[in-house]
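> This is the structure alone, sequence omitted:
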């Protein structure tokens, strides 16, 4: 399987594949590339509906040029602990960012969350995020506000009174609970519409079914999250005898 950066010809093939409605996996198979490479390429350059091969190629060259210019200020290569491959870490962070974007999170918010999740401490200051991501403080502030609203990041003060942004072992549980509360509000609003539009009307029936569906999903998600919460606080080696789901079932009352 070939490695290295995509060529302009490969980007043209990606654009043609998207125009033909092909899935990322099929485009990747035709290019003999990992699916994650194609997914990341498309999501970083406008998404499936706005991807343009020539614009994507120029944008990639521009990003590479900016990285070369930023290198003298200090790269992550000398900062990687545990003997990690700095380039492999960088590529993984890009992949993680792309997957988060596919869930609907904006690009900058996805970059900040991926950066926090892949840091060993799980906590960084605004200045550290600016340095790592090479973006403005305003961009970091906006991203943190969004992530905090989603329950994905929390703010705290360190001993030097600096504000730090943290993802801890419980943040995914809290985020899921926040999502469940939001879904509950949608269900309640849909049910209000039933009374206004009439339960015996097509619109009223539709809203009632929406509310019932969301009630069921929310209850299921909440129950599953509560049962599986202990997994977030369990060291991986203690679950080597089974999957995380099995461990949750064993710990469930």
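Thanks, I have it. No experiment lies behind these values; they were computed from the predicted model shown.

> The residue nearest to the spatial centre of the chain is in what secondary structure piece?
Closest residue to the average C-alpha location of the chain: residue 100 at 1.8 Å, with CA atoms, centre = their mean. Per DSSP states H and E, residue 100 falls inside helix 86-102.

> after that helix, next one along is what?
Next in sequence after helix 86-102, counting helices and strands by DSSP H and E, comes helix 107-117.

> and the helix holding residue 100, what other elements does it pack with?
Other elements packing on helix 86-102 under the criterion 3 or more CB pairs under 8 Å, 6 or more residues apart in numbering; DSSP states H and E are helix 35-44, helix 107-117. C-beta: built from backbone N, CA, C; applies to glycine.

> buried stuff in that helix?
90, 93-101 (16 or more other CB atoms under 10 Å).

> could you pull out the helices for the stretch 101-250 of the chain?
107-117, 126-133, 137-149, 171-197, 202-228, 244-251 (DSSP state H, counting those that start in this stretch).

> List the residues that contact residue 148.
For residue 148, the contact set (CB atoms under 8 Å, 6 or more residues apart in numbering) comprises 154-155.

> related to what we said a few turns ago, from the chain's centroid, how far away is the helix holding residue 100?
9 Å (CA atoms, centre = their mean, to the nearest Å).

> follow-up on the earlier one: so the residue nearest to the centre of the chain is in contact with residue 110, correct?
Yes - Residue 100 lies in contact with residue 110 (CB atoms under 8 Å); the separation is 3.8 Å.

> Over to residue 235: give its phi and psi.
When read as degrees, to the nearest 10, the backbone of residue 235 gives phi -70, psi 140.

> in the chain, what spans have low per-residue confidence?
Within the chain, the ranges that satisfy pLDDT under 70 run 1-3, 63-79, 237-253.

> so what are the domain limits for it?
Domain assignment for the chain by automatic domain parsing gives 8-73, 77-166, 171-251.
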